[in-house]
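1. Turn this into a structure:
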Amino acid sequence: MSLSRRHLLLSATSIAALSIASACAPETAAPQTRSWRLPDPQPFTVTEHEWIPMPDGVRLSARIWRPDSATTEPTPAVLEYLPYRKRDTYRPYDDITGKMLASRGIAYLRVDIRGTGDSEGVITDEYSEPELADGVAVIDWIAQQDWCNGAVGMRGI
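-> Model prediction:
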């Protein structure tokens, strides 16, 4: 059975929603008096262009927003993996998302898909097997970085 990208993303979103819901559910029937507070803003650094190597030698280009605290305390990361060139059309949206996450302690990466934007290689089709394999390699690369605590999420459609 072959899964479509849409099915895979919908399944992942459902799993994430259930995980969040179960994590937020009270442990007992008694009402909780504690409330969650957004972490205080913190400084962060933006790396305009970092290469992420793929198993076949092609390099994908990433723009990374990283909390400065990640140098001493690894952080979770959120990936957005798109063919829409991180340098132009979506840049203002990436700036908003990157600042929002990194200033609150979560790294954000915007990666151009193979053959698009600043990434090397040739794009052969939309939602191709190589594109999906590259996505897995990117997630693995992120999770292995010294500044990442191994938790990697994704955003986008």
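
2. From Arg155, how far off is Arg104?
-> According to C-beta to C-beta, to the nearest Å, Arg104 stands 14 Å off from Arg155. No exception for glycine: its C-beta is placed from N, CA and C like everyone else's.

3. now Pro74
-> From Pro74 to Arg155 the distance is 20 Å (C-beta to C-beta).

4. More neighbours: these two, which one.
-> For Pro74 versus Arg155, neighbours defined as other C-beta atoms under 10 Å are more numerous around Pro74 (17 against 12).

5. host element of the residue most central in space within the chain?
-> Centroid-nearest residue in the chain, with C-alpha atoms, centre = their mean: Leu79, separated by 1.2 Å. If you go by DSSP states H and E, Leu79 is part of strand 75-82.

6. One more: Ala151?
-> Here Ala151, judged by DSSP H and E, is contained in strand 148-154.

7. Buried residues of that strand, list them for me.
-> By neighbour count on 16 or more other C-beta atoms under 10 Å, the buried set for strand 148-154 is Cys148, Val152, Met154.
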